[in-house]
Structure formats: structure tokens, C-alpha cells
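**Student:** This is a predicted model, with the sequence first.
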Amino acid sequence: MSEWVITRLGNVLREERESAGYSQRALAKAAGCSCAMISLSETGQRTPSLELLAEIAPVLGVPVWELIQRAEVSDE
């Protein structure tokens, strides 16, 4: 995955989290992962694994494929 797509995926995750009304801490708790993992993924400092996306997506009510697809589409 290109660096740009990783950064965009982080943006998509943050947008979905905020839209769903979750703080990073609340999402981490609901998804069963660490708050640091959410933060690093949202800022593009770490590439979220498919496993992490599979934990987060149902909490946000969004399919994993949609998160990835939105990250691959440019903001033209």
C-alpha cells in the first residue's frame, strides 16, 4: 500500500470514528484494541492490519472493503 493510501486510510478511520461519535479511547475499548493502535493508524504512523480493520469496522458500522475503497479514491 502506498504511503498516500495509508495516510488517507487513517483519515477515513478518523472521519468514521468521529461520525459515529466515538473517542479514540471508546473505539479502542469497543473494538478490543489499544488506544495507541487507533491513534497510530489514524495519523498514518502505522498501517492498520486487516485484523485491526475487521475489529474496528463493525463497531463503526462500515464494511472493511468500504474503508479501503474510500482510502484508494482521491479527493479530486
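**Tutor:** Thanks, I have the structure now.

**Student:** The spatially most central residue of the chain: helix or strand, and which one exactly?
**Tutor:** Relative to the mean C-alpha position of the chain, the nearest C-alpha, by C-alpha atoms, centre = their mean, is the one of L13, at 3.0 Å. Here L13 sits within helix 3-20, counting by DSSP states H and E.

**Student:** what angle separates the helix or strand just after that helix from helix 3-20?
**Tutor:** Where DSSP H and E defines the elements, the next helix or strand beyond helix 3-20 is helix 24-31. If you take axes from the mean of the first three to the mean of the last three C-alpha atoms, to 10 degrees, helix 24-31 sits at 90 degrees to helix 3-20.

**Student:** Run through who's touching helix 24-31.
**Tutor:** 17, 20, 22, 34-35, 37-39, 42, 52, 55-56, 59-60 (C-beta atoms under 8 Å, 6 or more residues apart in numbering). Every C-beta, even on glycine, is put in place using the N, C-alpha and C of the backbone.

**Student:** again, only using 6 Å
**Tutor:** 17, 34-35, 38-39, 55-56, 59 (C-beta atoms under 6 Å, 6 or more residues apart in numbering).

**Student:** From those, pick the one nearest E66.
**Tutor:** Proximity of those to E66 (C-beta to C-beta) peaks at I56, which lies at 12.0 Å.

**Student:** Quick check: the gap between the residue lying closest to that closest one once chain neighbours are set aside and I38.
**Tutor:** Leaving aside its chain neighbours, I56 sits nearest to A31 (4.8 Å; criterion: C-beta to C-beta, 6 or more residues apart in numbering). A31 sits 8 Å away from I38, going by C-beta to C-beta, to the nearest Å.
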